[in-house]
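J.: For reference, the sequence and a predicted model appear below.
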Amino acid sequence: MCDYFYNMKIKYDRVSTLQQSGNRFALDNEIYDKKFFDTISGSVPFKERLEAKELVKLVESGLIKELVTEEFSRLGRNTGDVINVLSWLDEKGVNVKIKNLGIESRPNGKTNPIWKLISATMSSLYELELENIKERTRAGRIVYVQKGGKLGRPKGATESEKEFLEKDSSKRIIKELKKGKPVRDISSILSVSTRTIMKVKKLI
């Protein structure tokens with residue numbers, strides 16, 4: 001096989017939900033041999049994501065020379081998982097480039113001496129940011145309820161079973177259910193509640 005295929009430059013991107021747009025990644029006009037894009041929560045381990053699994057196969061085959069991503073949080077929101085993934089990539093000789101920081105793990109094939117310090121620090125900050133977001137969301141809900149607000153669907157709001165099953169989220173759940181995956185696994189992969197998954201399961 002031509003050496004070109006053993007020196008692939010890959011781009012990996014991720015957004016957490018279907019509502020988030022990947023358009024901001026379109027600003028990247030670099031040329032890549034292949035791009036991978038996952039729509040999944042950053043809390044799901046990197047190697048368990050649909051698109052990332054394909055990327056992992058290429059890494060294990062020794063085909064990738066450089067992996068580019070926008071920021072550390074695209075790899076994950078769990079410090080331990082991100083560090084393990086970065087260590088694994090380093091062992092495989094893959095240069096990881098973080099675009100928003102302008103740093104690389106193995107520039108010119110040599111290990112960057114400050115890479116481990118920066119990667120561990122940034123991963124910890126992203127994990128802390130996620131916990132802060134969750135805490136602010138919980139606090140906001142409590143204040144909302146204390147002021148008389150009510151959580152859940154508004155009274156009088158109706159949605160037919162057909163409309164519910166035609167939602168993008170429901171279709172994705174159905175797809176995973178047909179693969180025979182457990183409810184809890186689907187909940188982690190798609191970032192939806194087990195209650196919603198059980199509702200879909202009951203209706204199909």
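T.: Yes, it's here.
J.: Give me the helices and strands touching the top strand by length along the chain, please.
T.: Once the chain is assigned using DSSP state E, the strand that runs over the most residues is strand 8-15. Applying 3 or more C-beta pairs under 8 Å, 6 or more residues apart in numbering; DSSP states H and E, one finds that strand 8-15 makes contact with strand 34-39, helix 50-60, strand 64-69. The C-beta positions use only the backbone N, C-alpha and C, and glycine is treated the same way.
J.: partners of it in the sheet?
T.: Sheet pairing of strand 8-15 (DSSP bridges) gives strand 34-39 (parallel), strand 64-69 (parallel).
J.: Find the one among those strands with the highest mean neighbour count.
T.: When you average the neighbours per residue for each of those (mean count of other C-beta atoms under 10 Å), strand 64-69 leads with a mean of 20.
J.: Just checking the distance from that strand to the centre of its chain.
T.: The gap between the average C-alpha position of strand 64-69 and the chain average comes to 17 Å, counting by C-alpha atoms, centre = their mean, to the nearest Å.
J.: Compute the inter-axis angle for that strand and helix 50-60.
T.: On the basis of axes from the mean of the first three to the mean of the last three C-alpha atoms, to 10 degrees, strand 64-69 is oriented at 150 degrees to helix 50-60.
J.: now the helices: where do they sit in the chain?
T.: Along the chain, counting by DSSP state H, helices occupy 50-60, 79-91, 115-146, 161-165, 168-178, 183-190, 194-203.
J.: ok so, going back, turn the strands paired with strand 8-15 into CSV, including distance to residue 199.
T.: Supplementary listing: these in CSV, determined by distance: least, C-beta to C-beta, whole Å:
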stretch, distance to residue 199
strand 34-39, 21
strand 64-69, 35
